[in-house]
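Undergrad: my questions concern the predicted model and sequence given below.
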4 protein chains.
Amino acid sequence: MILTDSLLDFFLETRKHSEDICIPLEIEDYVVQPIVDVSPPKWHLGHTTWFFEEFILKPHAKNYVLFDEDFSFVFNSYYETVGKRVVRSDRGNLSRPSVKKVYAYRKYVTDNIKQFFNNTQGEELNSLLEIGIHHEKQHQELLLTDIKYILGNNPLLPVYSDSFEDHPAESHSQDWITIEEGIYEIGHKTNDFCYDNELGRHKVFLHTYEISNKLVTNGEYIEFIKTGGYQRFDIWHAEGWDWVNQNHVTSPLYWHNIDGEWHHYTSRGLQKVKKEEPLTHVSYFEAFAYAQWKGYRLPTEFEWEVAQAFFPWGKRWEWTESAYLPYPNYQKADGALGEYNGKFMVNQKVLRGGSVATPVKHTRHTYRNFFHPQLRWQFTGLRLAK
Amino acid sequence: MILTDSLLDFFLETRKHSEDICIPLEIEDYVVQPIVDVSPPKWHLGHTTWFFEEFILKPHAKNYVLFDEDFSFVFNSYYETVGKRVVRSDRGNLSRPSVKKVYAYRKYVTDNIKQFFNNTQGEELNSLLEIGIHHEKQHQELLLTDIKYILGNNPLLPVYSDSFEDHPAESHSQDWITIEEGIYEIGHKTNDFCYDNELGRHKVFLHTYEISNKLVTNGEYIEFIKTGGYQRFDIWHAEGWDWVNQNHVTSPLYWHNIDGEWHHYTSRGLQKVKKEEPLTHVSYFEAFAYAQWKGYRLPTEFEWEVAQAFFPWGKRWEWTESAYLPYPNYQKADGALGEYNGKFMVNQKVLRGGSVATPVKHTRHTYRNFFHPQLRWQFTGLRLAK
Amino acid sequence: MILTDSLLDFFLETRKHSEDICIPLEIEDYVVQPIVDVSPPKWHLGHTTWFFEEFILKPHAKNYVLFDEDFSFVFNSYYETVGKRVVRSDRGNLSRPSVKKVYAYRKYVTDNIKQFFNNTQGEELNSLLEIGIHHEKQHQELLLTDIKYILGNNPLLPVYSDSFEDHPAESHSQDWITIEEGIYEIGHKTNDFCYDNELGRHKVFLHTYEISNKLVTNGEYIEFIKTGGYQRFDIWHAEGWDWVNQNHVTSPLYWHNIDGEWHHYTSRGLQKVKKEEPLTHVSYFEAFAYAQWKGYRLPTEFEWEVAQAFFPWGKRWEWTESAYLPYPNYQKADGALGEYNGKFMVNQKVLRGGSVATPVKHTRHTYRNFFHPQLRWQFTGLRLAK
Amino acid sequence: MILTDSLLDFFLETRKHSEDICIPLEIEDYVVQPIVDVSPPKWHLGHTTWFFEEFILKPHAKNYVLFDEDFSFVFNSYYETVGKRVVRSDRGNLSRPSVKKVYAYRKYVTDNIKQFFNNTQGEELNSLLEIGIHHEKQHQELLLTDIKYILGNNPLLPVYSDSFEDHPAESHSQDWITIEEGIYEIGHKTNDFCYDNELGRHKVFLHTYEISNKLVTNGEYIEFIKTGGYQRFDIWHAEGWDWVNQNHVTSPLYWHNIDGEWHHYTSRGLQKVKKEEPLTHVSYFEAFAYAQWKGYRLPTEFEWEVAQAFFPWGKRWEWTESAYLPYPNYQKADGALGEYNGKFMVNQKVLRGGSVATPVKHTRHTYRNFFHPQLRWQFTGLRLAK
């Protein structure tokens, strides 16, 4: 069990980091929602704050006065247990509360949490605080990717920050790692924090397989494009092929072909695509089609977890072939927190790893991220298996 | 012909008024677009500016340097002649250019126009400037109604301004004005400014009719609601009835029934509906159904124009029974300005009058406003005829 | 007033004609509904029958036994007064009642009407019967155009009938008819049958105008296509331009360009387009754009009605510039029959004339047909004015 | 390897069975497509025939003359390799080819196959024929369920057949079967026919689990409904909850609550729901919610396959918790037949078992059926595990 003091430090550091991410923004950037999957930055700032207020202060802190009674309606994301909420697609229609007010809300709740934990201790409360911190860290990743989408789809293509690096290359050469067939254990086992979807540690049998020690690069993907990968129906899922055609997809997200040369929008603005960098912003459909074209396949999440110690990871969230499903003996949490993971376990694919946008201490080798197969605004990539 | 000096004053006064309307706004309010018909305030400020740049400075002012080359793409509304543009439904997805930048753009163009007209004179140029001014005045009305929509659909229902009065009552008692049958002349005839759709002054024959000297009031409309007006298909158009049912319409826009009492969002915040005030924020479908229920009808735009001298008007845009069509001998303007009116002459209804949001010197008795029959975010109202 | 005997003959002849239209059909052709505007032929046969049952036999014929209680639900088109009904878009999903059953229904109702009118007389009943007959005639036209759509959109392009002529040429040369300015009377005035929307005979003032004595031909329209008519935004309404682009419209309905030569599906199968034949199957948007391109305009419905004695008409329904609106003093009928016309008086354009598909004795110079501006599966055409 | 003679008998018997299924139909029933997932019966009859023509006669039978060149366009389902095709949602818009013509097509192809195989032998050809037979058997099941949908959604609720039994009860009492933890083999292993998705026989590790020996019954599901199962968000997936609310789902497909008593449409017409019969026509979303409500879960497809010898099955396709994914070492077939299974392996759930509509010799314990989680027009049901 974590000591309250170090947990409070972790809390304060996390709260600060969310705000640091927003330093380069204009106030206007906090407000917009260009697609339904992207939330306005001020919404993330408010929602992560509301989480602490709703699940800790409101039920546990005696005499706590809500900052604003209407904020539960504005900042609830999907917790049906907790009451009504703004529909997701309407988040970008709300000019109020203002950014200034949201920062005031953050300060108010942060101060109250600090004061409350200085006076109150307890394992259950610490555990709630820890969940809130990890919840905010998860939103920090979304905050970064949503900001990238907001700026990267603006016709003026403004720079986010010169210090943020989306595209760190992997310098080692590609090789195959062989894992022998056998029974392996999957799932979280330490006492450290994890989400409920990682629990139910269990055995799986894996046949012998090989997995690449390196992510697929931009250069390799350019080959796929050049040889007509987006025009060959036979390497796509039927739903992937429909997605390609309905959306006229011909390259990863943020890529622009300017006078025959591939460029992409990065956090530093529009730049030439470098061949050696790991590919990113592809959907599961594209990752799958690429693997088919290459004559290989994507690993399952179990293959990834068992092999992960043998290759570097953490730059890209990596699509796996696994569907997002409960582990044997999966138990969802009670009450509203039980809505965190379980209710999304259909029609989604698992991603493993972490990305340049993942905050420190937020991922681990048992972490299960998940998205619908057509989404690609996260820093997604892929690793081949055979 | 207007003298250049007084025209420049008119120009500067108009430019200033657009900005005055925005004084009560937070920066965030400038950005959002809750429905496709509403544009973000900063878009209005930029678009009206672009109009002067595109149609006067760019073609006529030697050595004029564009403020920003990308702004034509961002701020063009619907002029196909002029090139590509942001699709209308994407206006609220653009956080940049920032509000500050838009104000800088306004200043730059205003200064350039001033300087240009101080050195250059000419009837054609004056006429272009005059169109630009009236164009901006038209957007001032939209600016106000769009702001009302942005704030009035925010769950926090923020106040816009305590000095703006949406709901001025008409104190005189209702009576019928009789107009005898005969041939009347319709359309603009003075040398003052008007739009091309008012020209083609022509004769129409009107049968004897009566028209009310007073707008329908909230109190009268509450009767309509109470007696089941929204549930009686027989008084609605088929498309109106579909609109009511698909959108679950049970009252005018901005109305809320709180504990059995009608309230509405006004520019001063949520208030009780006062029975004596003229009804507003109803669609043509509702206006028509109300008239049917009452046993009367809406006037045509010709009946309105011929009778208008006999009643006060200007608080509400008044729905008429007339479809928006060209007058005999209608000639649309050459080039891009020809796209101003003519291409909208299908599937829209004419409104006559003006409203509390219409800027001074912007309406006249021949002015033809027009909207699709389901829209109601303008200050629309109705007057009965028989 | 029509004598009952001759009215009964008219009735029987009309009933027979509907069935004659269907002689060339396979049973399968009676069932399908390829677009929402097209109804399955068996639905037309049943609906016109239901009309007599619902409005004459059920309320007036003592001891009349309904053929099938469920048929009111199946065959009601849009009469809200009469109760629930199959939604329009579901008509093609109903395999039952079978075609055989529908013919049995027709015979049953026809026999009952005959028997009833042999024993009962009366002006009001005759008037109802006359409406029912005209209602069925109106559906005969739809029956023909719906059959054309069903077969003409089948990839096998089957022939409907070798004896039906869709494309009769006008052999006279084009000329302009001048009508002098003045007050004219519009609307129905004899004692013969007409719909409620033709009544309210009234005066209109017309300025001097000219109208063509000839319909626009295929050859003229091919010129429009060749010179880029479908690519020039400036001659289209904004909504027309959207319609062209969203639907990739590049020619009239049923036209196919085969090896550079225009062909079209006709009731006799696929044939070369003949230049001298009057154009058909164009939308109002296309008719308007053509007139703009040519430098002329469409006539109003009043101009058409006043001039119609001076030119031949009846091959094509002719788009006018007029919106479909009530005449002064328009009174809609009581009860369900009041739903016949009035509730459609918004967002539609008036067509005048009649077409090769219009049954005999069904049109007249005061007849007002109406459709939404994008529709073109009727035998629509156009005549220019200036 | 199967002998050609007995294979030909199997072929002829299968061809006959498809037509036997259609004996009770009216011609009209062959044509309609009430929802996109349902195909018109005549399309099934033509498509299964086209499969033999396209993949056997056309490439292998010298001098074979196509029955009709246009039929490939009409009857191709989703084989992109083979060329263009009618879009799926348009199948119900085609009145031609007529039912009579489709039967002539069937006879022509059946006769040609018979003649061809009497003269030609070979393992590869036999294998193609076998696939064609199983393909037709798969469509026989769809034929039955599509017919049920066509008739069961008709307001007249016509009877399909008095001899077809949708609802055979399971008479044994419910009990739990325990399977001990261990490594099990999954997938097809005999030389009998199977689809490519069953191959790649492989090992899986299963933890100890229990599985019910009996399907969930109507009576148990009525309890779920009564206690508010459709109103409790916490037992549904987020997408399931949206599906329930958007479609106003309150019971299984075909159920009607008449005066407080549950009835359902069956192949024998509308009948009272019997509590002891196994539940059917539920979606995966409903199956999952039911299991949650009951405190249990759905088995995985592996758990089902390992345990299946210990319980009776074959009345309902049973939803499993498994997503439809390739087995390790899955190899899709070459050419067009490779489009049979692999390209659907995303966003679908596996069903195991077979149903009252499955033709004899068509299912086996390794058979993997799959549908999107919201579909329920098949005879789907569920079995609990823990």
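TA: Perfect, I can see it now.

Undergrad: these two touch, right, A:Lys137 and A:Glu13?
TA: No: using Cβ atoms under 8 Å, A:Lys137 is not in contact with A:Glu13, being 10.3 Å away. All C-beta spots, glycine's among them, are computed from the backbone N, C-alpha and C.

Undergrad: run a quick neighbour tally on A:Gln331.
TA: 12 (other Cβ atoms under 10 Å in any protein chain shown).

Undergrad: residues in contact with it?
TA: Residues near A:Gln331 by Cβ atoms under 8 Å, 6 or more residues apart in numbering or on different chains: A:196, A:199-200.

Undergrad: swap in 10 Å and give it another go.
TA: A:196, A:199-200, A:338, A:342 (Cβ atoms under 10 Å, 6 or more residues apart in numbering or on different chains).

Undergrad: before we move on, what about A:Asn76?
TA: If you count contacts by Cβ under 10 Å, 6+ apart, A:Asn76 has them with A:47, A:50-51, A:54, A:82-86, A:336.

Undergrad: returning to that earlier point: and which of the contacts of A:Gln331 is nearest chain B?
TA: Proximity of these to chain B was ranked by Cβ to the nearest Cβ; the top entry is A:Gly338 with 26.7 Å.

Undergrad: show me where chain A has strands.
TA: Along chain A, counting by DSSP state E, strands occupy A:176-179, A:182-186, A:202-206, A:209-212, A:255-258, A:261-266, A:269-272, A:317-323, A:349-353, A:369-371, A:380-381.

Undergrad: now do the residue of chain A most remote from its centre, the pLDDT please.
TA: No residue in chain A has its C-alpha farther from the mean C-alpha position than A:Asn63, which lies at 35.8 Å (Cα atoms, centre = their mean). Predicted confidence (pLDDT) for A:Asn63: 94.

Undergrad: re the thing from before, would you format the strands of chain A as a markdown table with distance to D:Glu165 and mean neighbour count included?
TA: As requested, the strands of chain A are arranged in a markdown table below (distance: least, Cβ to Cβ, whole Å; neighbours: other Cβ atoms under 10 Å in any protein chain shown):
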| stretch | distance to D:Glu165 | mean neighbour count |
| --- | --- | --- |
| strand A:176-179 | 51 | 14 |
| strand A:182-186 | 45 | 14 |
| strand A:202-206 | 41 | 19 |
| strand A:209-212 | 47 | 20 |
| strand A:255-258 | 58 | 13 |
| strand A:261-266 | 61 | 18 |
| strand A:269-272 | 67 | 12 |
| strand A:317-323 | 35 | 26 |
| strand A:349-353 | 40 | 25 |
| strand A:369-371 | 42 | 22 |
| strand A:380-381 | 50 | 26 |
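
Undergrad: picking up where we left off before, for the residue farthest from the centre of chain A, give me its contacts.
TA: The neighbours of A:Asn63, taking Cβ under 10 Å, 6+ apart as the test, come to nothing; the list is empty.

Undergrad: next, count neighbours for A:Ala333.
TA: A:Ala333 sits with 14 neighbouring residues when counted by other Cβ under 10 Å.

Undergrad: surely it meets A:Asp196?
TA: Yes: proximity of A:Ala333 to A:Asp196 meets the contact threshold set by Cβ atoms under 10 Å, at 5.5 Å.

Undergrad: so for A:Ala336, what's the pLDDT?
TA: In the predicted model, A:Ala336 carries a pLDDT score of 76.

Undergrad: go on, A:Phe52?
TA: Confidence at A:Phe52, expressed as pLDDT, is 97.

Undergrad: circling back to that earlier point, what touches both of A:Lys137 and A:Glu13?
TA: With contacts defined as Cβ under 10 Å, 6+ apart, the residues adjacent to both A:Lys137 and A:Glu13 are A:359-361.

Undergrad: just the ones of the residues you listed in helices?
TA: When these are checked against helices (DSSP state H), there are no matches.

Undergrad: could I get those as JSON lines with neighbour count and distance to chain C?
TA: Written out in JSON lines, the entries for these read as follows (neighbours: other Cβ atoms under 10 Å in any protein chain shown; distance: Cβ to the nearest Cβ, whole Å):
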{"residue": "A:Pro359", "neighbour count": "21", "distance to chain C": "44"}
{"residue": "A:Val360", "neighbour count": "11", "distance to chain C": "49"}
{"residue": "A:Lys361", "neighbour count": "14", "distance to chain C": "50"}
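
Undergrad: would a markdown table of the strands of chain A with mean pLDDT be doable?
TA: Supplementary listing: the strands of chain A in a markdown table, determined by pLDDT from 0 to 100:
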| stretch | mean pLDDT |
| --- | --- |
| strand A:176-179 | 98 |
| strand A:182-186 | 98 |
| strand A:202-206 | 98 |
| strand A:209-212 | 98 |
| strand A:255-258 | 96 |
| strand A:261-266 | 97 |
| strand A:269-272 | 96 |
| strand A:317-323 | 98 |
| strand A:349-353 | 98 |
| strand A:369-371 | 97 |
| strand A:380-381 | 98 |
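
Undergrad: neighbouring contacts of stretch A:106-121?
TA: Surrounding stretch A:106-121, the residues in contact under the criterion Cβ under 10 Å, 6+ apart are A:3-5, A:7-8, A:11-12, A:15-16, A:18-19, A:45-46, A:48-54, A:56-57, A:60-62, A:64-68, A:71, A:125-126, A:129, A:132.

Undergrad: may I see the PyMOL selection of the buried members of the residues you listed?
TA: Per 16 or more other Cβ atoms under 10 Å in any protein chain shown, the buried members of these correspond to this PyMOL selection:
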select buried, chain A and resi 4+7+8+11+15+18+45+46+48+49+50+51+52+53+54+56+57+61+64+67+68+71+125+126+129+132
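
Undergrad: inside helices: which ones of the contacts of stretch A:106-121?
TA: Assignment to helices by DSSP H places the following of the contacts of stretch A:106-121 there: A:4-5, A:7-8, A:11-12, A:15-16, A:18-19, A:45-46, A:48-52, A:60, A:71, A:125-126, A:129, A:132.

Undergrad: what subset of these is also close to chain B?
TA: The overlap between these and the neighbourhood of chain B (criterion: Cβ under 10 Å from any Cβ of the partner chain) consists of A:Phe71.

Undergrad: low-confidence ranges, the stretch 251-386 of chain A, go.
TA: For the stretch 251-386 of chain A, applying pLDDT under 70 flags no range at all.

Undergrad: now the helices for it?
TA: For the stretch 251-386 of chain A, the helices identified by DSSP state H, counting those that start in this stretch occupy A:284-294, A:301-307, in order along the chain.

Undergrad: what about the longest one and chain D, touching?
TA: Yes: applying Cβ under 10 Å from any Cβ, one finds helix A:284-294 in contact with chain D at A:284-285, A:288, A:292.

Undergrad: can you pull the pLDDT of A:Val2?
TA: For the record, residue A:2 is Ile, not Val. Note for A:Ile2: predicted pLDDT of 61.

Undergrad: what does the one 4 residues further on give?
TA: According to the prediction, A:Ser6 has pLDDT 91.

Undergrad: and the nearest residue to A:Leu144 once chain neighbours are set aside, backbone torsions?
TA: Take A:Leu144 and drop its neighbours on the chain: the residue closest to it by Cβ to Cβ, 6 or more residues apart in numbering or on different chains is A:Ala357, 4.1 Å away. Main-chain dihedrals, A:Ala357, degrees, to the nearest 10: phi -100, psi -10.

Undergrad: where's A:Ala357 relative to chain C, distance?
TA: Look at A:Ala357 and chain C: by Cβ to the nearest Cβ, to the nearest Å, they are 37 Å apart.

Undergrad: correct me, but that residue touches A:Leu143?
TA: Yes: taking Cβ under 10 Å as the contact criterion, A:Ala357 and A:Leu143 are neighbours in contact, 8.5 Å apart.
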